[in-house]
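>>> Compute the structure for the input listed below.
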Amino acid sequence: MNHRALAFLATIALGCGGSDDVSVTVDAADPDAVLIDAAIDAGPDLDSTAACTSPDSCAWIDDELRTVVAVLAGAQPTPAGNTLVRRASSVERAAVRTYLRGELERLGLTVIERNYGSGTNLVVHLAPTTGPDTGPPLVVGGHFDSVPQSPAAADNATGTAVAVVAAGYLASRPRTVPIEIVLFDQEEVGLIGSGAYVAALQGAPIHSMHNFDMISFDGDGDRAVELWSPTPALEALYRTHATGRGLVIQPVTFTRSDHQSFLERSLPAVGVSEEFVGNDHTAHYHQPTDTLDKIDFAYLGAVTRLGLAVIEDDAN
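Coordinates of the predicted model:
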């Protein structure tokens, strides 16, 4: 647990809430102060993340998904009081990284910044809970950048939120392989961030890669989850865990997201999304109207829990 997390626990006695980039002391005799903090950041505290024994027992997941999507889409300020309207320019993406780094650190996690020239990926490395930290990593990813004209709540504040939740959840769970949660930069301009991550592997293997991108919409209510170009073993895992969750797995061929950077180098990978190829996707894709109010958070929560169950199985 880092110093930010210790300060968080020492100053805020709430089931949810906190701050990452500002120092806040809550006066227990002043309920208004508590309400203000909760409105700024309604994410989980460290005790609630550690108490989860399965994705389905984690009530904090829904609050954290909503908070991260709201902040990234500019519907809610960061704890520092900034509003993130776009995530396309270098200045905008730097501000987003500051927020995301703070959010991950608030969960007690160490964040590594990997600059590759035109951008920077954020990485959280989780060592195995048993055995040496030497094996190929299981990679969980989502891109945080956007197209210039859109607040990009669906594409891809949702996938970024899944990756943040995954970091908080998986940090407290047993695993026999190392896990790296990667928030990729510059997906929208040619999968640049994920390409840089794979290039840095220098031919080394990975265990698997799970990429989350645009999980916001289920217009026909069939609870379908599209798997983009899945490696067969990963498709089988998603099918196993979708059974009993009322979710339907739809594998398709799709190359325009960060899983493709891994597949092109013959690394096992899968993309997880709403039915983009199946044409049951948000009508607000890449539009100025891709805003917080268009997100189906019940669907996002269900797919997030599916992904966490699969990843935890895959990591063991």
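
>>> And the helices in this protein, which stretches?
Using DSSP state H, the helices of the chain run over 3-11, 31-40, 46-51, 60-72, 90-106, 159-170, 192-200, 232-242, 259-263, 297-314.

>>> okay if I get those as TSV plus mean pLDDT, mean neighbour count and distance to Ala283?
Bear in mind the C-beta positions are built from the backbone N, C-alpha and C, glycine included. Formatted as TSV, those follow (pLDDT from 0 to 100; neighbours: other CB atoms under 10 Å; distance: least, CB to CB, whole Å):
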stretch	mean pLDDT	mean neighbour count	distance to Ala283
helix 3-11	31	15	39
helix 31-40	29	14	30
helix 46-51	65	17	35
helix 60-72	97	23	18
helix 90-106	98	19	24
helix 159-170	98	28	18
helix 192-200	98	21	27
helix 232-242	98	17	25
helix 259-263	98	25	24
helix 297-314	98	21	15
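
>>> okay if I get the ones you listed as a markdown table plus distance to Ala153?
Below are these laid out as a markdown table (distance: least, CB to CB, whole Å):
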| stretch | distance to Ala153 |
| --- | --- |
| helix 3-11 | 27 |
| helix 31-40 | 19 |
| helix 46-51 | 24 |
| helix 60-72 | 6 |
| helix 90-106 | 13 |
| helix 159-170 | 10 |
| helix 192-200 | 20 |
| helix 232-242 | 24 |
| helix 259-263 | 21 |
| helix 297-314 | 10 |
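
>>> looking at those, which is closest to Gly119?
Closest approach to Gly119 among these is made by helix 192-200 (5.6 Å; CB to CB).

>>> What helices and strands are in contact with that closest one?
Applying 3 or more CB pairs under 8 Å, 6 or more residues apart in numbering; DSSP states H and E, we find helix 192-200 packed against strand 112-115, strand 120-126, strand 138-143, strand 179-184, helix 259-263.

>>> Leu65: which of the ones you listed is closest?
Comparison of the helices and strands packed on helix 192-200 against Leu65 by CB to CB identifies strand 138-143 as nearest, at 11.9 Å.

>>> hmm, back to that, and of the helices of the chain, who's closest to Gln287?
Once the helices of the chain are compared by CB to CB, helix 60-72 is nearest, at 16.1 Å.
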